[in-house]
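Undergrad: Sequence first, predicted model second:
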Amino acid sequence: MLSVSDAEATILQLVQPLDSRRHTEVTDLLAANGRILASPVTSHLDFPHWDNSAMDGYAVRYEDVRDCSEEKPVVLEIIEEIPAGVQPKSIIQSGKAARILTGAVMPDGADTVVMQERTRREENQVFILTTPKPKEFVRQQASYYKAGSQLLPVGIVLNAQELAVLAAVQCTKLNVFRRIRVAILSTGDELVTPETPLQAGQIVDSNQYTIAALVQQTGAQPIMLGIVRDDPAALEEAIARALTQADIIISSGGVSVGDHDYVEQILESLGGKIHVRSVAMKPGKPLTVATFPPSSPLSSSPLYFGLPGNPAAVLVTFWRFVQPAIKKLSGLAEGWEPKFIKARASQELRSDGKRETYVWGQMRLRDGIYSFYPASGVQNSGNLINLAQTNSLAVLLVGQTLVAAGEEIQVLIQ
Ligand SMILES: Nc1nc2c(c(=O)[nH]1)N[C@H]1C(S)=C(S)[C@@H](COP(=O)(O)OP(=O)(O)OC[C@H]3O[C@@H](n4cnc5c(N)ncnc54)[C@H](O)[C@@H]3O)O[C@H]1N2
Ligand code: MOO
Ligand SMILES: [Mg+2]
């Protein structure tokens with residue numbers, strides 16, 4: 001039985017990120033939202049493109065207005081009005097000024113903007129009432145970004161902030177990593193689909209939906225293969241097919257020690273190499289992880305996660321191991337590791353201390369302090385009811401049997 005940290009290290013070492021030269025596709029700007037950039041972006045544009053005014057006021061020569069006040073205003077002749085979007089026509093000589101609006105291009109000869117609240121206008125004259133700072137309220141060309149330097153690196157997620165930059169530099173076609181394909185299958189004779197009336201002894205295959213949603217939330221593409229009976233031949237056929245159509249295959253159920261737990265033996269009969277057979281964690285102990293030789297020279301070798309059937313075990317093992325693996329595989333340059341933050345236990349937490357124990361519940365922020373509230377009801381890995389509205393997992397380490405209320409704990413967040 002591997003420790004959680006050894007299992008995590010083993011799994012993440014198995015993951016080879018997508019190749020930014022081969023596994024990419026081109027998308028439009030908005031379609032790129034949430035995708036991972038596969039080529040670095042630079043621009044031939046300076047930002048700002050030219051010196052422009054940060055205020056509604058007057059463009060002047062600093063030399064003219066370096067010593068003025070309400071009592072001793074400097075009077076300048078207004079020779080041009082420059083709204084935003086217009087190319088200035090005049091050159092500001094000494095004793096002259098231009099009326100300028102926010103965002104408008106600075107006229108040649110001017111180097112400073114006096115905001116209008118610090119002036120008085122009389123027809124075509126402007127009275128400057130306070131001495132400005134040199135170059136005040138001028139947004140200098142290239143002061144934000146110099147044309148040709150790197151703008152966005154490979155391996156970042158493109159969110160609204162990045163799309164703003166990409167739109168501004170007129171980068172309308174983006175090279176992004178293709179989405180990871182994740183095949184999902186559930187094993188068990190007791191399983192039926194949500195639409196099927198339940199007979200005695202049957203339950204709904206809820207894991208299929210949990211995993212598909214988690215895969216989508218992780219930015220990958222779920223391929224839902226449905227339910228496979230507890231029949232070795234059927235399972236072998238389903239897994240063999242899944243191996244040819246996905247980067248990652250996730251099954252749930254059939255990985256423990258029961259008479260109908262066939263997953264492990266089938267993975268081996270299909271040429272899989274088992275790297276993880278069980279982990280000293282609760283829930284999630286029978287987690288099974290295997291790799292397979294590439295199904296063709298072009299495809300990378302698929303990674304197989306055999307999650308335990310218990311619904312809470314599915315959530316915990318996905319959050320703890322599968323999500324970081326998908327993120328690393330997807331081309332993210334960094335930030336694919338699981339995120340733990342310190343929090344206070346809102347009430348006491350207990351464990352038998354034998355396995356690293358994950359308590360599901362809610363992380364809440366109160367007065368700047370994170371507190372963890374365990375889900376009410378039974379913390380049994382077969383209980384999916386109280387998984388609803390959870391957003392985090394508190395961790396009790398091996399040997400840690402009690403966490404007192406108020407004590408600091410590590411909490412895994414999404
Ligand atoms: N004698 C022992 N029994 C068990 C052990 C053990 O070490 N010794 N391990 C226990 C632990 S820990 C876990 S976790 C479970 C996991 O076993 P499996 O991966 O083989 O899961 P199944 O037996 O197929 O199902 C377990 C449980 O979950 C329900 N299930 C299965 N698939 C789904 C699904 N798609 N959606 C919803 N619920 C599902 C299934 O009905 C069972 O109730 O083994 C323990 N046993
Ligand atoms: O590993 Mo399990 O503790 O029942 O999910
Ligand atoms: Mg079983």
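TA: In hand now; what should we look at? Ligands and ions are numbered 1, 2, ... in the order given.

Undergrad: Need the per-residue pLDDT for L298.
TA: For L298, the pLDDT comes out at 62.

Undergrad: ok, now the one 4 residues further on?
TA: Confidence at P302, expressed as pLDDT, is 95.

Undergrad: what about the residue of the chain found nearest ligand 2, neighbour count?
TA: Minimum separation of the chain from ligand 2 (Cβ to the nearest ligand atom) falls at P283, amounting to 2.7 Å. C-beta coordinates here come from the backbone N, C-alpha and C atoms, glycine included. A total of 24 residues lie near P283 under the criterion other Cβ atoms under 10 Å.

Undergrad: Might one say that it is in contact with N383?
TA: No: if you go by Cβ atoms under 8 Å, P283 and N383 don't touch, sitting 9.9 Å apart.

Undergrad: if we can go back for a sec, who's in contact with the residue of the chain closest to ligand 2?
TA: P308, N310, A312, A313, V316, T317, Y358, S381 (Cβ atoms under 8 Å, 6 or more residues apart in numbering).

Undergrad: Could you tell me the model confidence score at the last one?
TA: Think S381. At S381, pLDDT is 96.

Undergrad: Then the second one?
TA: Predicted confidence (pLDDT) at N310: the value is 98.

Undergrad: separation between it and T210?
TA: From N310 across to T210, the span is 11 Å (Cβ to Cβ, to the nearest Å).

Undergrad: more crowded one of those two?
TA: N310 (23 against 20).

Undergrad: For the closest residue to that one other than its chain neighbours, give its distance to ligand 1.
TA: Distances taken as Cβ to Cβ, 6 or more residues apart in numbering put S381 closest to N310, at 3.8 Å, once the chain neighbours are dropped. According to Cβ to the nearest ligand atom, to the nearest Å, S381 and ligand 1 sit 5 Å apart.

Undergrad: can you check T390 too?
TA: Taken as Cβ to the nearest ligand atom, the span from T390 to ligand 1 is 17 Å.

Undergrad: All the helices of the chain, in order from the start?
TA: With DSSP state H, the ranges of helices along the chain come out as 4-14, 160-168, 207-217, 232-245, 263-269, 311-317, 323-329.

Undergrad: Just name the most buried of those.
TA: Across the helices of the chain, averaging neighbours per residue (mean count of other Cβ atoms under 10 Å) puts helix 311-317 on top, at a mean of 26.

Undergrad: near ligand 3, anything from that helix?
TA: No: using Cβ under 5 Å from the ion, helix 311-317 stays clear of ligand 3, with a minimum separation of 11.0 Å.

Undergrad: and that helix, does that touch ligand 2?
TA: Yes: residues of helix 311-317 contacting ligand 2 under Cβ under 6 Å from any ligand atom: A313.

Undergrad: CSV for the helices of the chain, including distance to R99?
TA: Formatted as CSV, the helices of the chain follow (distance: least, Cβ to Cβ, whole Å):
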stretch, distance to R99
helix 4-14, 61
helix 160-168, 27
helix 207-217, 53
helix 232-245, 66
helix 263-269, 76
helix 311-317, 63
helix 323-329, 53
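
Undergrad: Take those helices and write them to JSON lines, including distance to ligand 1.
TA: Formatted as JSON lines, the helices of the chain follow (distance: least, Cβ to the nearest ligand atom, whole Å):
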{"stretch": "helix 4-14", "distance to ligand 1": "14"}
{"stretch": "helix 160-168", "distance to ligand 1": "36"}
{"stretch": "helix 207-217", "distance to ligand 1": "3"}
{"stretch": "helix 232-245", "distance to ligand 1": "12"}
{"stretch": "helix 263-269", "distance to ligand 1": "8"}
{"stretch": "helix 311-317", "distance to ligand 1": "4"}
{"stretch": "helix 323-329", "distance to ligand 1": "18"}
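
Undergrad: Return the residues in contact with whichever residue of the stretch 1-150 of the chain sits closest to ligand 1.
TA: Closest residue of the stretch 1-150 of the chain to ligand 1, Cβ to the nearest ligand atom: M1 (9.9 Å). Neighbour list for M1: R277, S278, V279, A280, K285 [criterion: Cβ under 8 Å, 6+ apart].

Undergrad: From ligand 3, how far out is the residue in the stretch 51-200 of the chain positioned nearest to ligand 1?
TA: With Cβ to the nearest ligand atom, the shortest gap between the stretch 51-200 of the chain and ligand 1 falls at S186, namely 3.5 Å. S186 sits 12 Å away from ligand 3, going by Cβ to the ion, to the nearest Å.

Undergrad: Can you check the pLDDT for that residue?
TA: pLDDT for S186: 98.

Undergrad: Quick check: chain neighbours aside, which residue is closest to it?
TA: D205 (4.4 Å).

Undergrad: quick one: the one you found from P194, how far?
TA: Counting by Cβ to Cβ - D205 and P194 are separated by 8 Å.
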